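Visitor: Predicted coordinates and the sequence they were generated for:
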Amino acid sequence: FKQGSEVFDAQTIRYDFVTRKGIIHSVTTKQSEGYLHGKEVKRMPDNSINVKSGEFTTCDLPDPHYAFRFYKARVIPGKLIITGPVYMEVEGIPLPIALPFGIFPNNPKRTSGLILPSYGESTSQGFYLQNGGYFWNINDKMTLKVTGSIYTGGSWSVSPVLNYKNRYKYSGNFSLGLAQNIISTKGSPDYQNSHDFHVQWSHRQDPKARPNSSFSASVNIYSSNYVKYTAVNTDTYLTNTFSSSISYQRNWGNNLQLTAASTYTQNTRTHGVQLALPNITFNVNT
C-alpha cells in the first residue's frame with residue numbers, strides 16, 4: 001500500500017472512511033532508517049499509528065536477524081517511535097538487555113539520535129555487535145557521529161567522525177579510530193593482541209573564499225592490523241598503500257606564485273613509510 005511517500009506491506013487492511021480509522025494486520029513498513037513490524041496496527045485520524053506486538057530493526061529481511069521487540073508502541077510520523085517495555089532479540093533468542101521504554105528517532109531530516117548496531121559473526125573474533133552508537137547534530141555547520149563495536153573474543157573498537165561545513169568558505173571531515181584486536185585464544189600459535197588506530201582528515205577550501213590562495217588536506221594513516229580487522233569497506237581492506245598530502249598555494253596577481261606541499265606514503269604490508277617535508281616552490285613569470 002502506498003500513500004504519498006509512505007509504503008508498507010500488510011496481510012489485511014480495513015479502513016473506515018467515516019471515522020477515518022484503519023486496522024492493519026501483519027504490517028511491515030520503513031520508518032526513516034529502520035523497519036517497523038507489527039502484528040496489529042491501528043491508524044488514527046491524526047495519522048499517528050498504534051502498534052501491538054511488534055519489533056523495530058535496521059535489518060531489511062522479512063524475518064530480521066535482530067530486533068527490538070515490544071508489546072505496545074506509538075508511531076508519530078516524522079518525529080518518534082515510542083514503545084513500552086522493550087528488549088533485544090537476536091536470531092529469535094531474547095538477550096538480557098531490556099528497558100522500561102524505548103524512544104527511536106523517526107525524522108527524515110538530519111537529527112540527533114541512536115545508531116542501532118548490526119549483528120554478525122567473525123571467524124577470528126567471534127560474535128559481534130558492530131557500528132552502534134550516537135549521531136549528534138551539533139548545529140548547521142557541524143555533526144558528530146560516534147560508533148563502536150564489541151566482540152565476544154574481547155576485541156573492541158570506537159570511531160568518532162566529525163563533519164564540518166561553512167558554506168562558501170570550507171568543508172571537510174575528521175575521523176579517528178581506536179581498536180584492540182584479539183585474535184584466537186591465549187596460548188594458541190596464531191594468538192594476537194594488538195592496539196591499532198587510524199586517522200583521516202579531509203579539508204577542502206571553497207574557491208570563492210579566498211580567490212588568491214587555497215589550502216587542502218587529505219590525510220590517511222592506518223596501522224596494519226586496523227586495516228586487516230577493523231576496515232569498514234572493501235576498498236580499504238584490499239588496499240596496501242595509503243597516501244596523504246597537505247598543500248597550500250598563494251598567488252600575487254598574475255606574476256608571483258607560491259606553492260608548498262607535504263606528502264606521506266605508507267605500505268601496511270611492508271610497513272614502509274615515506275615522508276616528504278614541505279616542498280616549497282616560488283615562481284615568477286617573465
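Guide: Received the coordinates, thanks. This is a predicted model, so every value here is computed, not measured. Numbers count the residues shown, from 1 in each chain.
Visitor: So which residues of this structure form helices?
Guide: Assigned by DSSP state H, the chain shows helices spanning 224-230, 234-237.
Visitor: and the closest residue to Asn279 other than its chain neighbours, what are its bridge partners?
Guide: Distances taken as C-beta to C-beta, 6 or more residues apart in numbering place Ala261 nearest to Asn279, at 5.5 Å, with adjacent residues excluded. From N, CA and C alone the C-beta is placed, and that goes for glycine too. With DSSP bridges as the criterion, Ala261 is bridged to Ser247, Asn279.
Visitor: Same check on Ile81?
Guide: In this entry, Ile81 is beta-bridged to Val75, Phe104, by DSSP bridges.
Visitor: And Ala67, by the same measure?
Guide: Glu89.
Visitor: My read is that it contacts Leu61, right?
Guide: No: applying C-beta atoms under 8 Å, one finds Ala67 not in contact with Leu61, separated by 10.2 Å.
Visitor: from what I can see Gly120 touches Gln130, true?
Guide: Yes: the pair Gly120 / Gln130 is scored as a contact, 6.6 Å apart, by C-beta under 8 Å.
Visitor: Which one of the two is surrounded by more residues?
Guide: Set Gly120 next to Gln130 and count neighbours by other C-beta atoms under 10 Å: Gln130 wins out with 17 against 11.
Visitor: residues in contact with the more buried one?
Guide: For Gln130, the contact set (C-beta atoms under 8 Å, 6 or more residues apart in numbering) comprises 117-120, 149.
Visitor: What residues sit buried inside stretch 117-135?
Guide: Neighbour counts over stretch 117-135 (16 or more other C-beta atoms under 10 Å) mark 117, 119, 122, 125, 128-133, 135 as buried.
Visitor: what's near enough to touch Leu95?
Guide: 87-89.
Visitor: hmm, back to that, can you tell me which of the contacts of Gln130 are in strands?
Guide: 118-120, 149 (DSSP state E).
Visitor: just to revisit the earlier point, okay, now the residue nearest to Asn279: neighbour count?
Guide: 15.
Visitor: on that earlier part again, going by mean pLDDT, which of the helices of the chain comes out lowest?
Guide: Per-stretch mean pLDDT for these is lowest at helix 234-237 (a mean of 70).
Visitor: Using CSV, write out every CA atom in that helix.
Guide: In CSV, the C-alpha atoms belonging to helix 234-237 read as follows (Å, rounded to 0.1, in the frame of the first residue of the first chain):
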residue,chain,number,x,y,z
THR,A,234,36.1,-3.5,0.8
ASP,A,235,38.3,-0.8,-0.8
THR,A,236,40.1,-0.1,2.4
TYR,A,237,40.5,-3.8,3.2
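Visitor: so what does that helix touch, helix or strand wise?
Guide: Other elements packing on helix 234-237 under the criterion 3 or more C-beta pairs under 8 Å, 6 or more residues apart in numbering; DSSP states H and E are helix 224-230.
Visitor: Would you state the strands of the stretch 101-250 of the chain in chain order?
Guide: Counting by DSSP state E, counting those that start in this stretch, the stretch 101-250 of the chain has these strands, from start to end: 102-105, 113-115, 118-122, 126-136, 142-151, 156-166, 170-183, 192-205, 213-222, 241-252.
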